[in-house]
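Student: Model the following, please.
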Amino acid sequence: MGTTVLALTLPALPASVRSARAAVEQSVRPLVATERMYDDIRLCVSEAATNVVRHAYERSAGHSFDVEVGVDADELTIAVRDLGRGISGRSNGDEPGGYGLAIIESLASRLRISSESGIGTEISMVFLLARPRIGGHGGAGAAVAE
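Tutor: All right, here's what the predicted structure looks like:
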């Protein structure tokens, strides 16, 4: 994951979704070049944290989840981990929603999901950071550093 810029553990409670999002917002703000990417990251973190709160544990009281943000060259990686029942241990589909992972997959450059029943889940989202431009003002015709 490269250099860790944020590592925190939060209780698996609804209020922690906002706390996770705010902590990630603060840690990635200086790293992200566009408002769109910033908004995409905020949404993805909210979706991943909401999944933990809604699905990871039978009862969320007394449980927690981890959020980690790392930077490596031109990539930003955000991981959300729990020690819950795993994705295969989720409900039978009677719950409303179910679009969180699809949203994350559509917005992140890469998505990796590691889940084992009864052991937990890690959702790792990678976002490509803008590369510095060489020469001029970065307008049309500017070369991208490789």
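Student: neighbours of the residue lying closest to I119 once chain neighbours are set aside, just the number please.
Tutor: Setting aside the residues directly before and after it, I119 is nearest to G86 in space (C-beta to C-beta, 6 or more residues apart in numbering), at 6.1 Å. For the C-beta atoms, the positions are set from N, CA and C on the backbone; glycine is no exception. Other residues within reach of G86 by the criterion other C-beta atoms under 10 Å amount to 18.
Student: just checking, G86 touches I113?
Tutor: No. The pair G86 / I113 is not scored as a contact, 10.3 Å apart, by C-beta atoms under 8 Å.
Student: anything in contact with each of those two?
Tutor: Shared contacts of G86 and I113, defined by C-beta atoms under 8 Å, 6 or more residues apart in numbering, comprise T121.
Student: Give me the distance from the helix or strand that F65 is a member of to the chain's centre.
Tutor: Using DSSP states H and E, F65 sits within strand 64-72. Centre-to-centre, strand 64-72 and its host chain are 8 Å apart (C-alpha atoms, centre = their mean, to the nearest Å).
Student: Just give the strands next to it in its sheet, each with its orientation.
Tutor: Applying DSSP bridges, strand 64-72 is found paired with strand 3-11 (antiparallel), strand 75-82 (antiparallel).
Student: May I ask which helix or strand of the protein has the lowest mean pLDDT?
Tutor: In the chain, no helix or strand scores lower on mean pLDDT, DSSP states H and E than strand 143-144, which sits at a mean of 33.
Student: Which helix or strand contains L31?
Tutor: Going by DSSP H and E, L31 is not in any helix or strand.
Student: In this structure it contacts L129, no?
Tutor: Yes. The criterion here is C-beta under 8 Å, and L31 meets it with L129 at 6.2 Å.
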